[in-house]
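Colleague: A predicted structure for the sequence below; I have some questions about it.
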Amino acid sequence: MSCNTSVIRVQASSVEQTQRVPVHLMPCEIEHNGTARVSQYLTATTKDCKHEKTVSFRGRGLRGQEISCPQGYTGLVLKEINKLGSDQEDRTVRVSSVFDKLTYWNLETPPNSDDTVVMAMDWPELAEAIHGPVED
Amino acid sequence: MELGPFETDNAVNCRLTSQIPDVCQTEDCCLGIDEAGRGPVLGPMVYGICFCPISKKDKLKELKVADSKTLTETERENLFEKLDGAKSYIGWALQILSPNTISTSMLQRTKYNLNSLSHDTAIGLVQYALDRGVQLKEVFVDTVGPADRYEDKLSKLFPGIKVTVRPKADSLFPIVSAASICAKVARDCAVKGWNFAEDLGEVDTNYGSGYPNDPKTKAWLLKYLDPVFGYPQFVRFSWSTAQTLMDSKGVTVHW
Amino acid sequence: STDSVIDTQKHDCDPAFVRLRNPCTDAASLYMLSSGDVELFEVKAFEEDFHSWFVGQTVQRDGRLLFVTPMDPLYLILPCLIKSGIEGKFQPVDQVVMDEEFPACSRLLSCSRSLASLHHVAEEKEVGTLKFHRYSQEKTMNWLKKKVERTVITLKKRNICVGQGVKSTTYVRVKPQSDYQEEDYLRYAHGLISEYISEDLSKALLRHLELPELTSPKETEPPSKKRKLSDKPVEAGEDYTKFNSADFVRKPSKKMTAAQKSLAKVDKTGMKPMSSFFSPKVKAEK
């Protein structure tokens, strides 16, 4: 039951100093939230080819591509701090890390411009058309 | 044995070949096919071919290639040196199937099973020999699956060649035994010298035989099971032992 | 829990996520106000089944990507104006823009664009220093039409597929861009704008654009295949971002028979083309 009076504050003041991290979007759901030895297993075995990267995850071949955040946009990873009990109270999140680009991975299929996450990056431009001010 | 490109990149398959002896391109030849490392859950599977002129079959017997299964690793290595040394009339070729390729082939959406993988690899090596001008008249193959079906399949693919598929062919035909030695030596070498691409520091090499029912191997798998990533690429993820352990002790992943 | 978000870089001070009434669904949705309430943003989730994130040396099960993009506060102010406009009286806007259920609603007037753009949708009267407004359907229609036209320009520019039901799992079959009629673009853009206005307004806009209403069966996508940019509920107790559902209806992939091709200009009222926005684009063949 959501409460419509509480707000979620975003502690965004330190964005500039926040560290940039590599970000990967995987084509599978990993039922875990916590540490993962990404650099030891994924980064160390990734191969860079002409237009794509390849790697195996749990014995399955993945093909990936690095894409940038849309112009004028930055990727933020938000983390909740001081989680309080009730839903009625205001909550706070901070920016734990920042990214300008991300690598997304397809299961077996080569990355291409029809991939949904690639097209999603067009959304801000469409949003500007829908929400931008209309001339008088 | 020098594994060259496979040492640099053991995530992909690798073909290693000897020079083609001149006589093999002028005289009728026989060729033997065998594999090594089919059953283990660790390391590559290797397919090997060995070929020589039919007229030199007896010379091959003199090398005492015998049944490679009864030999020690060192004895096998010595025999390989002998085979490789007989370059004037013996040629060989190997296809190393990396454990990573075995995993991804068998786990891919349109499944590629081990038998098909094996057959295609063997066929590829025979074709390689033909492409390089070897005058093949006889091919002898060791088999795990049904012999007659495989023999038919190969006969159709290679008309003009007498194909003989038999279980335990490596103890029946010296040229298959020779191929077996090449394959086994390559496999042993690949496993011993395995370069872990993953950043894991010093990796314990006490994994026993590498067979899934070996307790030492099972213990090693458990030791090197990462809850998120599973195992290093040394492991064949498509093996049920590996999967079961990962499913029970690792994090669940949905595709 | 953590969330991956893509956001405009404008933070001088602390922005906040707030819940406001969704002008289309009437349910609570998540928005964001910059510090001082100067700017309004909407929050949309890009999500598909079976995705997770690796962020640095961590794994995050929730594979959503949130887009926080600037939103025109007028879309949220409109329902308030329309409601109060029923009586036909001019009123001060700060007495009109409020919502019992959503106290943050009145903060919308602090957005720098709000007061400056009211004249697009309302008649203004000044009495001394005080301003009074009354909702104007005529002005609103013209404003919305301009919005549609702006959107069409971007759709064309970004080569976005505005065709109908053209994706199947094994191939993409669309008409080349040159074959799209202006009407295809208008309908598509109308569909996008309709996500921000009531159904009545959407129908009125369709008439104003002189696009005849077409009938078509509503088609629902099996939940396992849902893929969209949406305001969607997140029920997990741990998750602070609770969106409320927009009832997403997605066109299923179809092979196009000749008959279906002619039916391709399908009614999009009740269908939210946002989801089809994320079906494969086709680059115009030269």
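Modeller: Looks like it arrived, so ask away.
Colleague: assign C:S4 to helix, strand or coil.
Modeller: Secondary structure of C:S4, reduced to three states by DSSP: H, G, I helix; E, B strand; the rest coil: strand.
Colleague: residue contacts, it?
Modeller: With contact set as Cβ atoms under 8 Å, 6 or more residues apart in numbering or on different chains, C:S4 has these partners: A:23, A:75-78, A:99, C:53, C:55, C:60, C:64-66. The C-beta positions use only the backbone N, C-alpha and C, and glycine is treated the same way.
Colleague: let's see it at 7 Å
Modeller: Neighbouring residues of C:S4 by Cβ atoms under 7 Å, 6 or more residues apart in numbering or on different chains: A:23, A:75, A:77, C:53, C:65-66.
Colleague: return the item of those residues having minimum pLDDT.
Modeller: Checked by pLDDT, the contacts of C:S4 have A:V77 as the lowest-scoring entry (87).
Colleague: which ones among the contacts of C:S4 map onto strands?
Modeller: A:23, A:75, A:77, C:53, C:65-66 (DSSP state E).
Colleague: which of these sits closest to C:S34?
Modeller: Within those, the smallest distance to C:S34 is 16.0 Å, found for C:L66 (Cβ to Cβ).
Colleague: tally of neighbours for the closest one?
Modeller: Applying other Cβ atoms under 10 Å in any protein chain shown, we find 24 other residues in the vicinity of C:L66.
Colleague: show the pLDDT at the residue nearest to it when sequence neighbours are not counted.
Modeller: If you skip the residues right next to it in sequence, C:L66 has C:V5 as its closest partner in space, 4.4 Å away by Cβ to Cβ, 6 or more residues apart in numbering or on different chains. The pLDDT attached to C:V5 in the predicted structure is 72.
Colleague: ok, C:V5 to B:E198 distance?
Modeller: Relative to B:E198, C:V5 is positioned 31 Å away (Cβ to Cβ, to the nearest Å).
Colleague: and the nearest residue to C:V43 once chain neighbours are set aside, what element?
Modeller: With Cβ to Cβ, 6+ apart as the criterion, C:V43 has its nearest non-adjacent residue at 4.5 Å, and that residue is C:L30. Take DSSP states H and E as the rule and C:L30 turns out to sit in strand C:28-33.
Colleague: next SSE downstream of that strand?
Modeller: Remark: after strand C:28-33, the chain's next helix or strand is strand C:40-48, criterion DSSP H and E.
Colleague: what helices and strands are in contact with that following strand?
Modeller: Taking 3 or more Cβ pairs under 7 Å, 6 or more residues apart in numbering or on different chains; DSSP states H and E as the contact definition, the neighbouring helices and strands of strand C:40-48 are helix A:116-120, strand C:28-33, strand C:65-70, strand C:227-230.
Colleague: hmm, 6 Å instead?
Modeller: With contacts defined as 3 or more Cβ pairs under 6 Å, 6 or more residues apart in numbering or on different chains; DSSP states H and E, the secondary structure elements packing on strand C:40-48 are strand C:28-33, strand C:65-70, strand C:227-230.
Colleague: that one versus strand C:65-70: what angle between them?
Modeller: Between the direction of strand C:40-48 and that of strand C:65-70, the angle (axes from the mean of the first three to the mean of the last three Cα atoms, to 10 degrees) works out to 160 degrees.
Colleague: ok, strand C:40-48: who's next to it in the sheet?
Modeller: The partner list of strand C:40-48 in its sheet, established with DSSP bridges, is strand C:28-33 (antiparallel), strand C:65-70 (antiparallel), strand C:227-230 (antiparallel).
Colleague: average pLDDT across that strand?
Modeller: Average pLDDT, strand C:40-48: 90.
Colleague: remind me, longest helix of chain A?
Modeller: Counting by DSSP state H, the longest helix found in chain A is helix A:123-131.
Colleague: what are the contacting residues of that one?
Modeller: Contact with helix A:123-131 is made by A:70, C:67, C:69-72, C:150-151, C:154, C:192, as judged by Cβ atoms under 6 Å, 6 or more residues apart in numbering or on different chains.
Colleague: also stretch B:27-42?
Modeller: Stretch B:27-42 has contacts (Cβ under 6 Å, 6+ apart) with B:45-51, B:53-54, B:122, B:134-142, B:170, B:173, B:175-176, B:179-180, B:183-184, B:187, B:207, B:210-212, B:234-236, B:239, B:241-242.
Colleague: buried ones from these, can you make that a ChimeraX selection?
Modeller: Applied in ChimeraX, the following selects the buried portion of these according to 16 or more other Cβ atoms under 10 Å in any protein chain shown:
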select /B:45,46,47,48,49,50,51,53,122,134,135,136,138,139,140,141,142,170,173,175,176,179,180,183,184,187,207,210,212,234,235,236,239,241,242
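Colleague: among the contacts of stretch B:27-42, which are located in helices?
Modeller: Taking DSSP H as the definition of helices, those contribute B:122, B:170, B:175-176, B:179-180, B:183-184, B:187, B:241-242.
Colleague: from those residues, which is closest to chain C?
Modeller: B:A242 (20.4 Å; Cβ to the nearest Cβ).
Colleague: and the closest one, what pLDDT?
Modeller: Confidence score, pLDDT, at B:A242: 97.
Colleague: so B:Q19 is in which element?
Modeller: If you go by DSSP H and E, B:Q19 is not part of any helix or strand.
Colleague: hmm, I was thinking of C:S84
Modeller: Under the criterion of DSSP H and E, C:S84 resides in helix C:74-85.
Colleague: packing partners for that helix?
Modeller: Helix C:74-85 is packed against strand C:130-135, with contacts defined by 3+ Cβ pairs under 6 Å, 6+ apart.
Colleague: contacts for the strand it packs on?
Modeller: Contact with strand C:130-135 is made by C:81-82, C:85, C:90, C:92-93, C:118, C:122-125, as judged by Cβ under 6 Å, 6+ apart.
Colleague: adding pLDDT, write those out as a markdown table.
Modeller: Output for the contacts of strand C:130-135, formatted as a markdown table (pLDDT from 0 to 100):
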| residue | pLDDT |
| --- | --- |
| C:L81 | 93 |
| C:I82 | 93 |
| C:G85 | 81 |
| C:F90 | 92 |
| C:P92 | 92 |
| C:V93 | 92 |
| C:L118 | 94 |
| C:A122 | 94 |
| C:E123 | 93 |
| C:E124 | 93 |
| C:K125 | 92 |
